[in-house]
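S.K.: got a predicted structure plus its sequence, pasted below:
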Amino acid sequence: MQFSMRVDPETLTGDQRLDHLEQLIAEKMVKEFGGSIENAFNFADGDSSGAIDAAEFRVLLRRLDIEVSDDVIEELMDRYDDDDNHAISAIEFELRYRFRRTRFVKFLHERQDERELLLSTPYTMLFFVVF
């Protein structure tokens, strides 16, 4: 089972494995749904019930090109489902991914600031720094 090229998930255990998978899901949701947690949830909530069941969650993961076993789906559902109703509500889903999205947006802003600083640096200074 491969989640990402950066870390071999086979070397991870328990919560580390799920944390790694969640990070991958968050990264792919940003790319696929433009950072909109609401759009990702609405896509996954195929029957518009206001909650995502295991089958709907699997559809979301497939859309993100993530294949996992039924056991992993169950572990993720248990992690998200705070009220133990065997479904992930919009609030449960948003609470799980809001922090990761905020952290990712902060990262993008920091990179933009670095890029702007680099662009404002005179070329002659860059020449002497590089050479």
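M.R.: Looks like it arrived, so ask away.
S.K.: low-scoring stretches of the chain, by residue?
M.R.: For the chain, residues meeting the criterion pLDDT under 70 lie at 1-12, 35, 98-131.
S.K.: for residue 46, which non-adjacent residue is closest in space?
M.R.: Using C-beta to C-beta, 6 or more residues apart in numbering and skipping the chain neighbours, the partner closest in space to residue 46 is residue 56 (5.2 Å). C-beta coordinates here come from the backbone N, C-alpha and C atoms, glycine included.
S.K.: quick one: secondary structure of the one you found?
M.R.: Assigned by DSSP: H, G, I helix; E, B strand; the rest coil, the conformation of residue 56 is helix.
S.K.: can you get me a residue count around it?
M.R.: Residue 56 has 19 neighbouring residues, counting by other C-beta atoms under 10 Å.
S.K.: these two touch, right, it and residue 48?
M.R.: No - contact criterion C-beta atoms under 8 Å: residue 56 and residue 48 do not qualify, at 10.5 Å.
S.K.: check contacts around the nearest residue to residue 90 once chain neighbours are set aside.
M.R.: The spatial neighbour of residue 90 that comes closest, neighbours along the chain excluded (C-beta to C-beta, 6+ apart), is residue 41 at 5.4 Å. Neighbouring residues of residue 41 by C-beta atoms under 8 Å, 6 or more residues apart in numbering: 52, 90, 93-94.
S.K.: mind running it again at 10 Å?
M.R.: 29, 33, 50-52, 56, 60, 88-94, 97 (C-beta atoms under 10 Å, 6 or more residues apart in numbering).
S.K.: what helix or strand is it located in?
M.R.: helix 37-44 (DSSP states H and E).
S.K.: kind regards, and thank you for your time.
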